[in-house]
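1. return a 3D structure for these sequence lines:
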Amino acid sequence: MSSGEFVGMVADDPDCKIKLKTFHCKLINDHDALKKEQENYKDIAVIRKLDNTIVQRNYL
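-> Presented below is the predicted three-dimensional model:
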């Protein structure tokens, strides 16, 4: 498959039959819109800094 393609298969149950159980699709991305959105991302605020000592003490 090429980049952006995906395939799948779903299962039905006896009470709810599905005619189309397999699919093959291609994602179409608007790269300009995605770039604009990514430019507006903000860093996640640091709440608490952890180091290995704190993690090890918590583990024990």
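2. please count neighbours and contacts with C-alpha atoms only from this point.
-> Will do.
3. how far off centre is stretch 34-43?
-> 17 Å (C-alpha atoms, centre = their mean, to the nearest Å).
4. revised request: answer the last question for stretch 13-21.
-> Centroid separation between stretch 13-21 and its chain, computed with C-alpha atoms, centre = their mean, is 27 Å.
5. ditto for stretch 40-53
-> Between the centre of stretch 40-53 and the centre of its host chain there is 21 Å, according to C-alpha atoms, centre = their mean.
6. could you do stretch 52-60 as well?
-> Here the centre of stretch 52-60 is set off from its chain's centre by 30 Å, with C-alpha atoms, centre = their mean.
7. going forward, count from 7.
-> New numbering, starting at 7: the last item is stretch 58-66.
8. now do the same end-to-end measure for stretch 24-43.
-> In stretch 24-43, first residue to last residue: 37 Å (C-alpha to C-alpha, to the nearest Å).
9. just the mean pLDDT for it, thanks.
-> Stretch 24-43 comes out with an average pLDDT of 91.
10. next, I60: phi, psi?
-> According to degrees, to the nearest 10, the main-chain angles of I60 amount to phi -60, psi -40.
11. ok, now which ones touch Y65?
-> Residues in contact with Y65 (C-alpha atoms under 8 Å, 6 or more residues apart in numbering): none are found.
12. okay, it: pLDDT?
-> In this prediction Y65 is given a pLDDT of 94.
13. try G10
-> pLDDT at G10 comes out at 87.
14. for it, give its distance to H30.
-> Taken as C-alpha to C-alpha, the span from G10 to H30 is 11 Å.
15. same question, M7
-> Distance, M7 to H30, by C-alpha to C-alpha: 10 Å.
16. just K41 next, same as before
-> To H30, K41 is 27 Å away according to C-alpha to C-alpha.
17. ok, now I60?
-> For I60 relative to H30 (C-alpha to C-alpha), the value is 48 Å.
18. doesn't V13 lie inside a strand?
-> Yes - checked against DSSP: H, G, I helix; E, B strand; the rest coil, V13 lies within a strand.
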